[in-house]
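Asker: Give me the fold of what follows.
(4 chains)
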2 protein chains.
Amino acid sequence: MSNPLPLLDVNATPCCAPLTRSPIGETDAERVAAMFKALGDPVRLRLFSNIASAEGGEACVCDIQDVGVSQPTVSHHLKKLREVGLLESERRGSWVYYRVDPGVLAVMAGLLAPVGT
Amino acid sequence: MSNPLPLLDVNATPCCAPLTRSPIGETDAERVAAMFKALGDPVRLRLFSNIASAEGGEACVCDIQDVGVSQPTVSHHLKKLREVGLLESERRGSWVYYRVDPGVLAVMAGLLAPVGT
DNA sequence: TGTCGACATCGACAACCATCGAAACAGCGT
DNA sequence: ACGCTGTTTCGATGGTTGTCGATGTCGACA
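Answerer: Model prediction:
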């Protein structure tokens, strides 16, 4: 189950220079935009932050369901975050744990590095 | 014309700890998600990168129009980036120049800072 | 004043997306 | 084997969004 659709393989491509350094290419823009879009929903952003800030960097779905939408909707959003490569999931017993991919986080932060950096 | 709808005033609020530090609040999530969403479209991402990487950190619309969509569509996307606080615009003579707000860039990069940072 | 070029706005349309309830699926305990 | 709980998938629906052509606005220049 973990990482079923790695749309963006961070290891394959260090991905790109900061957006402020050189114009991003058409195909890179496609992939990077998908990641930003995934974080562009309030519910997904909260889910992501809940997981990222949890102890050990991972959390069970049952621990983060309280974001004001139905449980199927939570699952739907987690799937999107997974498809885009921001999260990985693993089943342990009854529960499914979600974890943040630290590499992909660094890539996105690097893209947004201010000019002088 | 410049900055007509500052949905997110960076100076007003240092905005929030990294997503990996503590769960983001509901209202903060709303505003931050709007910024990520703005970068979540390939055309907007390329426009933004074109401007951010231009000399002097600013560019005239006529210099960045070549992203494969019509001129009204370009204008539409630039407006969205402006509304969300990522860009500022200024008319000089016949041309309108767009510029990246460096502060807001730093905020977003800070939000994505990996765990250990 | 009239025209031209650079951008912005408007109105419309198709595609996409967030959300839900219902149903299916997967382990665990008894 | 059975039911229970946690999680995902499905189908439908209402709202959002990316895109376009047509039109409007503003400044420059004769």
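
Asker: Counting by contacts, list what the helix or strand of chain A with the lowest mean pLDDT packs against.
Answerer: Scoring the helices and strands of chain A by mean pLDDT, DSSP states H and E places helix A:102-111 at the bottom, with a mean of 91. With contacts defined as 3 or more C-beta pairs under 8 Å, 6 or more residues apart in numbering or on different chains; DSSP states H and E, helix A:102-111 has these neighbours: helix A:26-38. All C-beta atoms are positioned from the backbone trio N, CA, C, and that covers glycine.

Asker: So what touches the helix it packs on?
Answerer: Residues outside helix A:26-38 that contact it (C-beta atoms under 8 Å, 6 or more residues apart in numbering or on different chains) are A:7-8, A:15-16, A:24, A:44, A:80-81, A:84-86, A:104, A:108, A:111, B:36-37, B:39-46, B:49, B:68.

Asker: Contacts only, for the residue nearest to residue A:108 when sequence neighbours are not counted.
Answerer: Take residue A:108 and drop its neighbours on the chain: the residue closest to it by C-beta to C-beta, 6 or more residues apart in numbering or on different chains is residue B:112, 5.0 Å away. Each residue near residue B:112 by C-beta under 8 Å, 6+ apart is listed here: A:105, A:108, A:109, A:112, B:18, B:19.

Asker: Taking the centroid of chain A, which residue is nearest it?
Answerer: Taking C-alpha atoms, centre = their mean, the centroid of chain A lies closest to residue A:86, which sits 2.2 Å from it.

Asker: Before we move on, what's the pLDDT of that one?
Answerer: Here, the pLDDT recorded for residue A:86 equals 96.

Asker: Could you list the low-pLDDT ranges of chain A?
Answerer: Scanning chain A for pLDDT under 70 picks out the ranges A:1-14, A:117.

Asker: Up against DNA strand C, what does it have?
Answerer: Contact residues, chain A versus DNA strand C (C-beta under 7 Å from any atom of the strand): A:37, A:41, A:43, A:69-70, A:72-73, A:76-77, A:80, A:91, A:93-94.
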